[in-house]
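Chemist: build the 3D model from these lines:
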Amino acid sequence: MALELLCRKIGMTRVFTDSGECIPVTALEAGPNAIVQKKTPERDGYAALQLGFHQRRAATLQRPRLGHFQKAGVSPRRWLRECRVSAEELEAREVGGEIGADIFEAGQRVDVTGVSKGRGTAGTVRRHGFRIKRRTHGTHEGFRRPGAIGAGASPGRVWKGQGMFGRMGRERVTTRNVEVVQVDTERGLILLRGAAPGHNGGLVILRPAAAPK
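Modeler: The predicted model follows:
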């Protein structure tokens, strides 16, 4: 139950160390996150903070959601997410306060959660990495087909979990133990080593690594 941070994926770039090493990084717009609501064990049965991120025009919101922000004294935000926290962290935070990129530091390991890019309907070769059939005698216009999906007599059915064509991507993905390369608190930026799940402009959630290396 660690404090999370809602971020927006900007894109990938690279940075150079003093020794000349080139590191590919993903740039994230990290906050500030506004605390919109507190969930207490006495009233709600659990301890959590509701965080809001990324400014949004009030004209695009329905009245109940707009009233929810006005009650907290927070300007309308695009994303709302809850994160479970400890009782000590819950007492230390107040509604209307903000959480910034300073909760992380360079060299720290984090878990990154986002929604992967949607690829639409994909075949078995692209979706599951099936081998393409040999282009030889007896193979007619079926080089990328999956082939047999089960026996006829026994068991007489398709095994559960058999790889087949279907929708690919647009799933919740968590990449664990990602290194924080740089934190810029003034501009609200966090640079992560390597790639992060999701498309540019999408929501990314950062939390301290559950099992850091």
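
Chemist: every contact and neighbour count from this point should use C-alpha atoms.
Modeler: Noted.

Chemist: what helix or strand is Thr121 on?
Modeler: Using DSSP states H and E, Thr121 falls within strand 118-122.

Chemist: contacts for that strand, please.
Modeler: Residues outside strand 118-122 that contact it (CA atoms under 8 Å, 6 or more residues apart in numbering): 165-171.

Chemist: same question for stretch 39-53.
Modeler: Under CA under 8 Å, 6+ apart, the answer for stretch 39-53 is 6-7, 31-38, 77-87, 90.

Chemist: cutoff 6 Å now
Modeler: Contact with stretch 39-53 is made by 33-38, 77, 79-85, as judged by CA atoms under 6 Å, 6 or more residues apart in numbering.

Chemist: what's the average pLDDT for that stretch?
Modeler: Mean pLDDT, computed over stretch 39-53, is 94.

Chemist: now swap in stretch 76-87 and tell me
Modeler: For stretch 76-87, the per-residue pLDDT averages 93.

Chemist: show me what counts as buried in that stretch.
Modeler: Across stretch 76-87, burial judged by 16 or more other CA atoms under 10 Å covers 76-77, 80, 82-85.

Chemist: go on, stretch 15-24?
Modeler: Those would be Pro24, for stretch 15-24 by 16+ other CA under 10 Å.

Chemist: the residue nearest to Thr113 when sequence neighbours are not counted: which element?
Modeler: Nearest residue to Thr113 in three dimensions, chain neighbours excluded: Thr174, at 4.3 Å (CA to CA, 6 or more residues apart in numbering). Assessed by DSSP H and E, Thr174 sits inside strand 172-184.

Chemist: what strands line up against that strand, and which way round?
Modeler: Counting by DSSP bridges, the strands paired with strand 172-184 are strand 109-115 (antiparallel), strand 189-193 (antiparallel).

Chemist: can I get these in CSV with mean pLDDT?
Modeler: As requested, the strands paired with strand 172-184 are exported to CSV (pLDDT from 0 to 100):
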stretch, mean pLDDT
strand 109-115, 96
strand 189-193, 97
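
Chemist: of the ones you listed, which is nearest Glu179?
Modeler: Closest of those to Glu179 is strand 109-115, at 4.7 Å (criterion: CA to CA).

Chemist: what comes into contact with that closest one?
Modeler: Strand 109-115 has contacts (CA under 6 Å, 6+ apart) with 170-179, 197-198, 204-209.

Chemist: pull out the buried members of the residues you listed.
Modeler: Among those, those buried by neighbour count (16+ other CA under 10 Å) are 174, 176-179, 197-198, 204-209.

Chemist: and the longest helix for this protein?
Modeler: helix 63-72 (DSSP state H).

Chemist: buried sites along it?
Modeler: 66, 69, 72.

Chemist: confidence score at the last one?
Modeler: pLDDT for Ala72: 93.

Chemist: now do the same contact list for it.
Modeler: Contact analysis of Ala72 by CA under 6 Å, 6+ apart lists 36, 96.

Chemist: can you tell me how far it sits from Glu98?
Modeler: Distance from Ala72 to Glu98, counting by CA to CA, to the nearest Å: 12 Å.

Chemist: much appreciated, bye for now.
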